[in-house]
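Chemist: predicted coordinates and the sequence they were generated for:
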Amino acid sequence: MAKKADKLDLNKVRNIGIIAHIDAGKTTTTERVLYYTGMVHRIGEVHDGAATTDYMEQERERGITITAAAITASWRDHQINLIDTPGHVDFTAEVQRSLRVLDGGVTVFDSVAGVEPQSETVWRQANEYNVPRICFVNKMDRTGANFDRTVEMMIDRLRANPVIIYPPYGAGDEFGGIIDLFKMELITYGDDLGTAIERHPIPENYREAAETMRHEMVEKIVESDEILTEKYLMEEEITTDDLLAALRAGTIAGRLHPVLCGSALKNKGVQLLLDAVVDLLPSPLDIPAVTGMHPKTEQPLERKADNSEPVSGLVFKILSDKYGRLAFVRVYSGVLKSGTSVFNPVKNSTERIGRIVRMFADRREDVEEVQAGDIAAVIGLKETFTGDTLCDSGHPIVLETIKFPDPVIEVAIEPNSKADQDKMGIGLRKLAEEDPTFKVEVDAQLGQTKIKGMGELHLEVLVDRLMREYGVQARVGRPRVAYRETLTRTYTADTTLKRQSGGSGMYARVVVEFSPMEDADRPNAKDELLYVNDIRGGSITNEFARAAEKGMREAMEGGVIAGYPVVNVKARLVDGAMHDVDSNEMAFKICGSMCFKEGIKGGAPVILEPSMKVEVVTPDDYTGGIVGDLASRRGVVVGMEPRGPGSTSIRASVPLAEMFGYATQLRNMTQGRGSFTMEFEKYIIAPKSIADEVISGGR
């Protein structure tokens, strides 16, 4: 029985995500949030494989979050829609799509490790989507915890503007509580579950330091508010409510980043974090109205977070499970009701809303409707995928979609039997529907299926799911790098297609100047080709010019020198010719394809390989060996710095092709004590020896 929805007070809704580097404590923090909000009655631990939001078998075995889990909870009469996102870089698309629809974020930092590489990545993604953030410095009870160093790293690495509001009282074994700088009190916990909260005067030996921190906090907050600045200069009284209001405004505007601390594992500081979510992060009414465009006229449109507006929502995640196919939707305006029809302007199709469910990780509760500003999941959509818009057919709008990075690694996969082949096709299709960074490609010449993803772990998890969830038995080849091709100099190709075979023939001529795409061209480029029609005097029609472009885009996919996609090309159509009888769109499409291949070959083509940003954290004793090993992998060390007691962080750029099997090698070199993270950085020109191997098929 679906639950009847009451009128939602949007001021009391918070759509937030928990984002951070792997192992900073996101899922542990989420588990405490569920416990303190009464959603679970016992705390599940990640290390025991019992965390509520890590419900997939692969997550429980590896002790990491793989898929973003959505949960609805309640705190201080506020509804909190919370998404626990993955921290591993291979699953960064999960973070990206969650940030696209969230109003606020809680960034969790490990107080021992500080700001780690994936922390930088998710911070950058949050900047792109203008998501206001508060910062939670976790693991203050661990040996080597350093709150001040973590805050300094936020400034240096993230260009953040941290405002410390709840600093720690001690660290490591000496972590005795949290200082409330608003009320100037020491908060301690009288039990292991963190429910017996006690408040005391700040001890004398710490009072001076606390006064200094409060002074710095007040200064930072009043700087962001003109009225408070005036009050401050006039030495008028500034109340706690004044400070909180100004801090909230500064946080929502992205100018300030409030910093709290605690230990989620030891149940300290999470209630203060929940209070900060309610007090400081925006409601759907605090953020600007969502913008989009009319699907036909491309006129800009906007929708306010209001139930009386026409319905509009963005599908940000697809999930297939034993119950069917779920589409997670953020409703921006209007009311989405079960049993009604909505329009998908991206696919130009009408969809029926079967059921609407509120998610509680892998559990669900039926509801009749989702109101503006809310998040829920819909069952019954047939043609709608990640990034699609759902709207009222009478008031169509296309919301900005979600852009995902291209895969950088591929493996061949072969079913063991004919029965497995059928199951594999179904399984791969469903997995690709869920994950936009997972691509499936069939090589017609070799009759081979290739799967592409963001890293070894990404593909390993997807293959594991294919075997377990869809019962497929298959053999997997060794990983291969997703190389690219490009040109390095300008070349003008003059290509003519002339075919005569009785009756009407085919005739087309195009003259195109090919050159490397400049950074300034990128905002105007569609994908990796910027096509400019510079024909003067109508030597060929616009239809034929578009057909030539289509031919070029198809030729890009198949490559020119080694069969890899061509990227970073500017093609300027400068001249051409057509025949009254023999010219048609097909002729210009073929001619465009031929011209593209000629132009790239004449433009000194090169092979590009993905270069990865690698950070290795190792005990100091092994630093020299690690640096030498990275150099032997064609790596360039870009920085080294201390990371906790007796450890060093080494940052380097290394070609992906040299990083396969590195986890095992690092374990052997450091007796299992080293760890590393890796994320895609950019494509670089491969050295000639490597390029020759790629072209000959040796790589």
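Modeler: Ah, there it is.

Chemist: pLDDT below threshold where in the stretch 301-450 of the chain?
Modeler: Where the stretch 301-450 of the chain drops to pLDDT under 70, the residues are 321-323, 360-363, 443-447.

Chemist: dihedrals phi and psi, the residue nearest in space to the middle of the chain?
Modeler: The chain has Gln96 as the residue nearest its centroid, 2.2 Å off, counting by C-alpha atoms, centre = their mean. With angles defined as degrees, to the nearest 10, Gln96 sits at phi -60, psi -50.

Chemist: please, which helix or strand holds the residue nearest to it when sequence neighbours are not counted?
Modeler: Excluding the flanking residues, the one nearest Gln96 by C-beta to C-beta, 6 or more residues apart in numbering is Gln125, at 5.5 Å. Any C-beta I mention is one placed from the backbone N, CA and C, and that applies to glycine too. In the assignment (DSSP states H and E), Gln125 maps to helix 117-128.

Chemist: buried set for stretch 684-699?
Modeler: Neighbour counts over stretch 684-699 (16 or more other C-beta atoms under 10 Å) mark 686, 690-691, 693-695, 699 as buried.

Chemist: my guess is Pro132 meets Pro282, correct?
Modeler: Yes. Using C-beta atoms under 8 Å, Pro132 makes contact with Pro282 at a distance of 5.9 Å.

Chemist: got any residues that touch both of those two?
Modeler: Overlap of the contact sets of Pro132 and Pro282 (by C-beta atoms under 8 Å, 6 or more residues apart in numbering) consists of 103-104, 252.

Chemist: closest one of the residues you listed to Ile535?
Modeler: When the shared contacts of Pro132 and Pro282 are ranked by distance to Ile535 (C-beta to C-beta), Asp103 comes first, at 47.3 Å.

Chemist: pretty sure that closest one is touching Leu280, no?
Modeler: No. Using C-beta under 8 Å, Asp103 makes no contact with Leu280, being 11.8 Å away.

Chemist: which strands and helices sit next to the helix ranked longest in the chain?
Modeler: When the chain is scanned for its longest helix (criterion: DSSP state H), the result is helix 204-223. Helix 204-223 sits against strand 162-164, strand 177-180, helix 226-233, helix 240-252, with contacts defined as 3 or more C-beta pairs under 8 Å, 6 or more residues apart in numbering; DSSP states H and E.

Chemist: residues contacting it, please?
Modeler: So helix 204-223 is contacted by 161, 163-165, 167, 169, 179, 181, 184, 186, 202, 228-229, 231-232, 238, 243, 246-247, 250, 256 (C-beta under 8 Å, 6+ apart).

Chemist: same question, stretch 411-418
Modeler: 421, 423-424, 448-451, 459, 463, 472-480.

Chemist: how about 7 Å then?
Modeler: Among residues not part of stretch 411-418, those counted as contacts by C-beta atoms under 7 Å, 6 or more residues apart in numbering are 421, 424, 448-451, 459, 463, 472-480.

Chemist: where does the stretch 1-150 of the chain have low pLDDT?
Modeler: Within the stretch 1-150 of the chain, the ranges that satisfy pLDDT under 70 run 1-6, 40-69, 84-94.

Chemist: please apply the same query to the stretch 451-600 of the chain.
Modeler: Confidence mapping of the stretch 451-600 of the chain against pLDDT under 70 gives the ranges 501-503, 522-526.

Chemist: burial measure for Gly471, as a count.
Modeler: When neighbours are defined as other C-beta atoms under 10 Å, Gly471 has 12 of them.

Chemist: coming back round to it: which of the helices and strands packed on helix 204-223 comes out lowest on mean pLDDT?
Modeler: Among those, helix 226-233 has the lowest mean pLDDT, at a mean of 88.

Chemist: who wins for most neighbours among the shared contacts of Pro132 and Pro282?
Modeler: Asp103 (24 neighbours).

Chemist: can you list the buried residues in the biggest strand by length in the chain?
Modeler: Ranked by residue count and defined by DSSP state E, the top strand of the chain is strand 606-619. Buried residues in strand 606-619, defined by neighbour count with 16+ other C-beta under 10 Å: 606-618.

Chemist: sorry, back to before: put the buried members of the contacts of helix 204-223 into a PyMOL selection.
Modeler: Of those, the buried ones go into a single PyMOL selection, burial set by 16+ other C-beta under 10 Å:
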select buried, resi 163+164+165+167+169+179+181+186+202+228+231+232+238+243+246+247+250+256
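
Chemist: enumerate every residue touching Ala686.
Modeler: 607-609, 694.

Chemist: the same query, at a cut-off of 10 Å, please.
Modeler: Ala686 is in contact with 481, 483-484, 606-611, 634, 655, 657, 692-694, 699, counting by C-beta atoms under 10 Å, 6 or more residues apart in numbering.

Chemist: report pLDDT for it.
Modeler: pLDDT, Ala686: 94.

Chemist: ok, now Tyr662?
Modeler: For Tyr662, pLDDT reads 85.

Chemist: hang on, isn't Ala305 packed against Val335?
Modeler: No. The criterion here is C-beta atoms under 10 Å, and Ala305 misses it with Val335 at 11.7 Å.

Chemist: which neighbours do these two have in common?
Modeler: Going by C-beta under 10 Å, 6+ apart, residues that sit against Ala305 and also against Val335 are 371-372, 374.

Chemist: average pLDDT for stretch 261-277, rounded please.
Modeler: On average, stretch 261-277 scores 94.

Chemist: buried stuff in that stretch?
Modeler: Buried, per 16+ other C-beta under 10 Å, within stretch 261-277: 261-274, 276-277.

Chemist: quick one on the thing from earlier: out of the helices and strands packed on helix 204-223, which gets nearest to Gly144?
Modeler: Closest among these, using C-beta to C-beta: strand 177-180, at 18.9 Å.

Chemist: ok, then the element right after that closest one?
Modeler: Sequence order places strand 185-189 as the next helix or strand after strand 177-180, per DSSP H and E.

Chemist: on that earlier part again, hang on, the residue nearest to Gln96 packs against Val131?
Modeler: Yes. Applying C-beta under 10 Å, one finds Gln125 in contact with Val131, separated by 8.3 Å.

Chemist: more neighbours, these two?
Modeler: Legend: neighbour count by other C-beta under 10 Å for Gln125 and Val131, higher for Val131 (27 against 19).

Chemist: torsion angles phi and psi at the more buried one?
Modeler: Residue torsions, per degrees, to the nearest 10, at Val131 are phi -90, psi 120.

Chemist: correct me, but it touches Pro282?
Modeler: Yes. Contact criterion C-beta under 10 Å: Val131 and Pro282 qualify, at 9.4 Å.

Chemist: overlap in contacts, these two.
Modeler: With C-beta under 10 Å, 6+ apart, Val131 and Pro282 have common neighbours 15-16, 103-104.

Chemist: next, check those residues against the strands and list the overlap.
Modeler: Per DSSP E, the subset of these in strands is 15-16, 104.

Chemist: which stretches of the stretch 1-150 of the chain form strands?
Modeler: With DSSP state E, counting those that start in this stretch as the criterion, the stretch 1-150 of the chain has strands at 13-20, 69-75, 78-84, 104-110, 133-138.
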